[in-house]
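Peer 1: Sequence and computational prediction follow.
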Amino acid sequence: MRLILSLLGRLGAQVLAMLAAVGRVTLFALETVTHLMRPPFYAREFGHALVQIGWLSLPVVGMTALFTGGALALQIYAGGARFNAETVVPSIVAIGLTRELGPVLGGLMVAARVASSIAAEIGTMKVTEQIDALTTLSTNPMKYLTLPRVLAATLAVPLLVGVGDVIGIMGGFLVGVGRLDFGAGTYLHNTMDFLETWDVVSGMIKGAVFGFIVALMGCYYGMNSGRGAQGVGRATKAAVVAASVLILASNYILTELFFSA
């Protein structure tokens, strides 16, 4: 009986700690959003974050999408061949990339690159007391460090998802035409016939949500980093893990909202 009570106590403590963490992140997100409505706005920091998050993430997102589109075409062709349904390859590749694989894989790649970078940068600033210096100079660290990065990621990741969709569909096209003997015109015709505007728009909306999550987790864990190199390392790891898990969880919720009917 005592063992059961001890286990229940530990479980309850873990649940309470998780709820407290959720509350802290929620308050952090609300504070970040409210700063959007109050001046000043640091355009230079926003522009720098836009380049770092958007433009410099394009190669990794593009390469991921290209090979994912090619591998998806091969897998769908192999599965469809069992039912004499090889012709569905173009449409399923396009729908699968725009609805799910494009935004999710793009979000995860950005999380690996950006969340870790933001957490390490802000964590190092905290360790070296640069954030305290900003406060001393009457500069709000949330407005100067967090808001530009979160806003830039929210705007840039949907664009990365859109570009990734195009590159991924091109990867499927190259494999379909060069490896699976599809006619180029037939492949493109089938892609355009089955792909709807909402498929693309829903993926870009997911990209905006994922971008917000990635930058928010990077800033949150950076701001709450422990002291020393180990503290910064733990913050970086926690930011990537939290962003990745939240991307997958929010993807399910958004898919349920968009396509449950």
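Peer 2: Arrived safely. Numbering: from 1, shown residues only.
Peer 1: so the residue lying closest to Leu105 once chain neighbours are set aside is in which element?
Peer 2: Residue nearest to Leu105 in three dimensions, not counting chain neighbours: Thr64, with 5.4 Å by C-beta to C-beta, 6 or more residues apart in numbering. Where you see a C-beta, it was placed from the backbone N, CA and C, and this is true even at glycine. Secondary structure from DSSP states H and E places Thr64 in helix 58-80.
Peer 1: Contacts for that helix, please.
Peer 2: 86-89, 92-93, 96-97, 101-102, 105-106, 109-110, 113, 160, 163-165, 167-176, 179-180 (C-beta atoms under 8 Å, 6 or more residues apart in numbering).
Peer 1: Return the members of those classed as buried.
Peer 2: 86, 88-89, 92-93, 96-97, 101-102, 105-106, 109-110, 113, 160, 163-165, 167-169, 171-173, 175-176, 180 (16 or more other C-beta atoms under 10 Å).
Peer 1: Tell me which of the contacts of helix 58-80 fall in helices.
Peer 2: 89, 92-93, 96, 102, 105-106, 109-110, 160, 163-165, 167-176 (DSSP state H).
Peer 1: buried ones in stretch 121-134?
Peer 2: For stretch 121-134, the neighbour count (16+ other C-beta under 10 Å) marks Glu121, Ile122, Gly123, Thr124, Met125, Lys126, Val127, Ile131, Leu134 as buried.
Peer 1: close enough to count as contact, the third one and Gln230?
Peer 2: If I follow you right, that is Gly123. No - counting by C-beta atoms under 8 Å, Gly123 sits too far from Gln230 to count as a contact (10.7 Å).
Peer 1: how distant is the longest helix along the chain from the center of its chain?
Peer 2: Of all the segments of type helix in the chain, defined by DSSP H, the longest one is helix 2-35. With C-alpha atoms, centre = their mean, to the nearest Å as the basis, the distance from the averaged C-alpha position of helix 2-35 to the chain average is 23 Å.
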